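>>> Build me a model from this:
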Amino acid sequence: MKKLFILIFLSAILTQCIAVKSKSTTSTSPISTQKAITVNPITNNETVPPKLVVGIVVDQMRYDYLIRFYTKYGERGFKRLMENGYNLENVHYNYIPTYTAVGHTSIYTGTTPTNHGIISNNWYDKYEKKSIYCVDDDNYKTVGANSGGNKSPHRMVTTTVTDQLKLAQNSKGKTIGIAIKDRSAILPAGHTANAAYWFEGGDEGKFITSTFYMNELPNWVKQFNNSGKATTYLNETWNTYYDISTYTETLPDNNEFEGLFKGKTTPTFPYNLAELRKLNGNYNLLKAVPSGNTITTDFAEAAIIGENLGKSDYTDFLAISYSSTDYVGHQFGVNAKELEDTYIRLDKELERLIDFLDKEIGENKYTIMLTADHAAVQVPSYLNSLKIPGGYFNTKKFKGFVNEITIKYFNSNEIVENISNYQLFLNKEKLQELNLNVHEVSQILADEIINFESVYKTVTAHTLQTTSFNSGILQILQKGYNQKLSGDVLLIPYPSTISRSKTGTTHGSGYAYDTHVPLLFYGNGIKKGKSARYYPIVDIAPTLSNLLKITEPNGSTGKTILEVLK
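Down below sits the predicted model:
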């Protein structure tokens, strides 16, 4: 009887404890949005999502810039991210073409052009029979200037990680995209962004937007545009940050492989911007010098304050793209003193931004992801001077070569409707008129254009639709092929073969010099370390999604990089 009494007593106490625990649990707000604390089921530790995620894309940054200029960097910019965050050393783009719009889209959608639909910066629309630009949209108008704002992300057919964050938070939290280039601001911010702002050059010198987002600029943007910062920067002289004699990582300042600004007779420091702007597009010049990155940081900080980012119960997302590095790279190449100085100065911008985040958001309350939208090739003429293969694709000569083929085989010079982005688009109406089979014509063209001097590989759209390439350059080409939008015959030039003048550089290929980019994670939820494992660029969006405990973008084909996450 005594034992029975003890059992009943203990049972009553246990029941009361469960009831108290249940009451405590049910009185807590349901975990339906990002403002809730999540519990890691493995460690059982409570984790608080970041107040702000800052996605940084450096336009045209090769991975080796982290290493080559390392001794020139301070301790609180690139080095802080590398040493106190997670440094992924072997990240590559896994598709062709490696262009700006495609790179920004792939980073944030977690997939390739096969799925997300942004197949280039500009491409031939075989339905509208004209060349189109990735973010042009005549359904919308410019806000903040006279032109340059009829834009939207409508051609991107999948969601971004920024979209998924909005969906997870029931449209709470803010998403803002900022860049010098319109496409670099619009595409990362996604379809649900509160705003995307980009810099309109020419005679404007302002950050603008589109009626896709709003009908009037916020007061903080108006104040920024009226501050005169753009004019101030263009009244300066661009000289090297350190003594130029210490810039031993690059070629001599005056060399034949660099392009010239109009008004300059040599590609050498110093650059009197106040004089050069007169012949170089006025405010467009700001895009092409390091000050373009400086004003981007200025505007990003103004956005954080003006929009109170990181201050609510929800996670905000700020997508920043530093575009001026791309303009400098195109103009001067990857071995120029100008490029080295641009990255030394960008390091200072990152230091300024990170210190600002520490102050405004709070240490460990934000997460940074930094990568690049593509890398770049060594100037082919410079490679040739060292007896390394490389060259220049003569587009005009190639079009004549194709014309000769179509006349020879089909007695017509109207078979090919357009040649662009190393793709041939066939004239389907003409083929039907001549009773020609599109697959047979495509294969003949592929078999013949392989004989052109700069062409390394060719493949037809039909082959890409019916064959799965599991490795090599054709696999990379296949991941960039979009059945609905791409051409009928695709070609790949030889390595280090580009379509441009013999000074400066470009990008777009599937070779390592274009695909290998940095990837750094830092801050809330991120481990400290580094890895030499291979990861494709499409793994970024799933990793951010996992960090934020949200669903991946709806076209995502990447995987979570588990080793970077706490």
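>>> From here on, just use CA atoms for contacts and neighbour counts.
Fine.
>>> Please read off the pLDDT at residue 37 from the model.
The per-residue pLDDT reported for residue 37 equals 45.
>>> Same check on the one 4 residues further on?
With respect to pLDDT, residue 41 has a value of 43.
>>> okay, now the nearest residue to residue 430 once chain neighbours are set aside: neighbour count?
Counting by Cα to Cα, 6 or more residues apart in numbering, residue 430 lies nearest to residue 415, which is 6.4 Å off, once chain neighbours are set aside. Close neighbours of residue 415, defined as other Cα atoms under 10 Å, add up to 24.
>>> repeat for residue 192
Around residue 192 there are 21 residues (other Cα under 10 Å).
>>> so where's this structure uncertain?
For the chain, the stretches flagged by pLDDT under 70 are 1-46.
>>> where's the residue nearest to the spatial centre of it relative to residue 374, distance?
With distances taken as Cα atoms, centre = their mean, residue 104 lies nearest the centre of the chain, 2.7 Å away. Distance from residue 104 to residue 374, counting by Cα to Cα, to the nearest Å: 9 Å.
>>> can you pull the buried residues of the host helix or strand of residue 275?
Under the criterion of DSSP states H and E, residue 275 resides in helix 273-276. Residues of helix 273-276 classed as buried: 273-274, 276 (neighbour count, 16 or more other Cα atoms under 10 Å).
>>> need the residues you listed in CSV with distance to residue 476, can you?
Shown next, in CSV, are the buried residues of helix 273-276 (distance: Cα to Cα, whole Å):
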residue, distance to residue 476
273, 41
274, 44
276, 41
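>>> Which of those residues sits closest to residue 245?
residue 273 (22.2 Å; Cα to Cα).
>>> in terms of contact, does the closest one touch residue 237 like I think?
Yes - shown here, residue 273 and residue 237 form a contact pair, counting by Cα atoms under 8 Å, at 5.6 Å.
>>> how near is residue 498 to residue 506?
Applying Cα to Cα to residue 498 and residue 506 gives a distance of 7 Å.
>>> Pick out whichever of the two has more residues nearby.
residue 506 (28 against 24).
>>> I'd assumed residue 380 was in contact with the more buried one.
No - Residue 506 lies out of contact with residue 380 (Cα under 8 Å); the separation is 10.1 Å.
>>> overlap in contacts of those two?
Listed as contacting both residue 506 and residue 380 by Cα atoms under 8 Å, 6 or more residues apart in numbering are residue 498.
>>> where do the strands sit along the stretch 101-250 of the chain?
Under the criterion DSSP state E, counting those that start in this stretch, the stretch 101-250 of the chain carries strands at the ranges 122-125, 130-133, 142-143, 175-179, 195-200, 206-210, 237-238.
>>> As JSON lines, those with distance to residue 454 and mean neighbour count would be great.
Below are these laid out as JSON lines (distance: least, Cα to Cα, whole Å; neighbours: other Cα atoms under 10 Å):
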{"stretch": "strand 122-125", "distance to residue 454": "21", "mean neighbour count": "19"}
{"stretch": "strand 130-133", "distance to residue 454": "24", "mean neighbour count": "14"}
{"stretch": "strand 142-143", "distance to residue 454": "42", "mean neighbour count": "21"}
{"stretch": "strand 175-179", "distance to residue 454": "35", "mean neighbour count": "28"}
{"stretch": "strand 195-200", "distance to residue 454": "37", "mean neighbour count": "26"}
{"stretch": "strand 206-210", "distance to residue 454": "41", "mean neighbour count": "27"}
{"stretch": "strand 237-238", "distance to residue 454": "38", "mean neighbour count": "16"}
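>>> what's the closest of these to residue 438?
That would be strand 122-125 among the strands of the stretch 101-250 of the chain, by Cα to Cα, at 17.9 Å.
>>> neighbouring strands for that closest one, and are they parallel or not?
strand 130-133 (antiparallel) (DSSP bridges).
>>> So which residues make contact with stretch 557-566?
With Cα under 8 Å, 6+ apart, stretch 557-566 has contacts from 86, 110-111, 521, 525-529, 536-543, 546-547.
>>> before we move on, what SS does residue 253 have?
Classification of residue 253 using DSSP: H, G, I helix; E, B strand; the rest coil returns coil.
>>> Where do the helices of the stretch 201-350 of the chain begin and end?
219-225, 229-234, 273-276, 284-287, 291-306, 324-332, 337-360 (DSSP state H, counting those that start in this stretch).
>>> Which strands and helices lie in contact with the third one?
The helices and strands touching helix 273-276, judged by 3 or more Cα pairs under 8 Å, 6 or more residues apart in numbering; DSSP states H and E, are strand 237-238.
>>> I'd like the distance from the strand it packs on to the chain centre, please.
Averaging C-alpha positions (Cα atoms, centre = their mean, to the nearest Å) puts strand 237-238 28 Å from its chain's average.
>>> cool, and stretch 487-505?
The mean C-alpha position of stretch 487-505 is separated from the chain mean by 21 Å, Cα atoms, centre = their mean.
>>> Distance to residue 172 added to the helices of the stretch 201-350 of the chain, as CSV?
Below are the helices of the stretch 201-350 of the chain laid out as CSV (distance: least, Cα to Cα, whole Å):
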stretch, distance to residue 172
helix 219-225, 21
helix 229-234, 32
helix 273-276, 43
helix 284-287, 33
helix 291-306, 16
helix 324-332, 32
helix 337-360, 20
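>>> I'd like to know which of those helices lies nearest to residue 398.
Per Cα to Cα, nearest to residue 398 of the helices of the stretch 201-350 of the chain: helix 324-332, 23.2 Å.
>>> roughly how far out does the closest one sit from the chain middle?
15 Å.
>>> Give me the contact list for that helix.
Under Cα under 8 Å, 6+ apart, the answer for helix 324-332 is 58-61, 180, 257-260, 267, 287-290, 292-293, 338-339, 342-343, 376, 503-506.
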